[in-house]
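> Generate a structure from the sequence data that follows.
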Amino acid sequence: MNSSRELSDPERRVVGLKQVLRHARERELVKVYIAKDADEDIVEKLVRVCEEGGIAYDATLTMHQIGIASGIEVGSACAGVLKTKK
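Sure thing, here's the model as predicted:
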């Protein structure tokens, strides 16, 4: 599935470092998009949390692309796709 489709649904996405980290630590995400042009410390932290939690991640988009895909007017270092509720 492509990033635009996954991140376009406001009910299934979280945007921004604090939100993504919180949901990742709670194991509530199925995928995290990490901006390849984000600060190296942020990228490393997000990758570590994803790997520890077994969460898939994609680090091929820019902050601008993640912002557009998420429907926000500014760039974002990351965005996460929430698990569907049963």
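
> CA atoms only: put the lengthiest helix in the chain into CSV for me.
Counting residues, the longest helix found in the chain (DSSP state H) is helix 40-53. Coordinates of each C-alpha in helix 40-53 appear next as CSV, following Å, rounded to 0.1, in the frame of the first residue of the first chain:
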residue,chain,number,x,y,z
GLU,A,40,19.9,11.9,12.4
ASP,A,41,19.1,11.6,16.2
ILE,A,42,15.4,11.5,15.4
VAL,A,43,15.8,8.9,12.6
GLU,A,44,17.9,6.7,14.9
LYS,A,45,15.4,6.9,17.8
LEU,A,46,12.5,6.1,15.5
VAL,A,47,14.3,3.2,13.8
ARG,A,48,15.3,1.8,17.3
VAL,A,49,11.7,2.0,18.6
CYS,A,50,10.3,0.3,15.5
GLU,A,51,12.8,-2.5,15.5
GLU,A,52,12.3,-3.1,19.2
GLY,A,53,8.5,-3.2,18.7
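
> buried stuff in that helix?
Under the neighbour-count criterion of 16 or more other CB atoms under 10 Å, helix 40-53 has Val43, Lys45, Leu46, Val49, Cys50 buried. From N, CA and C alone the C-beta is placed, and that goes for glycine too.

> Show me where the chain dips below the pLDDT cut-off.
Scanning the chain with the threshold set as pLDDT under 70 gives 1-2, 86.

> before we move on, back to that, for the longest helix of the chain, name the packing helices and strands.
With contacts defined as 3 or more CB pairs under 8 Å, 6 or more residues apart in numbering; DSSP states H and E, the packing partners of helix 40-53 are helix 17-25, strand 29-34, strand 56-58.
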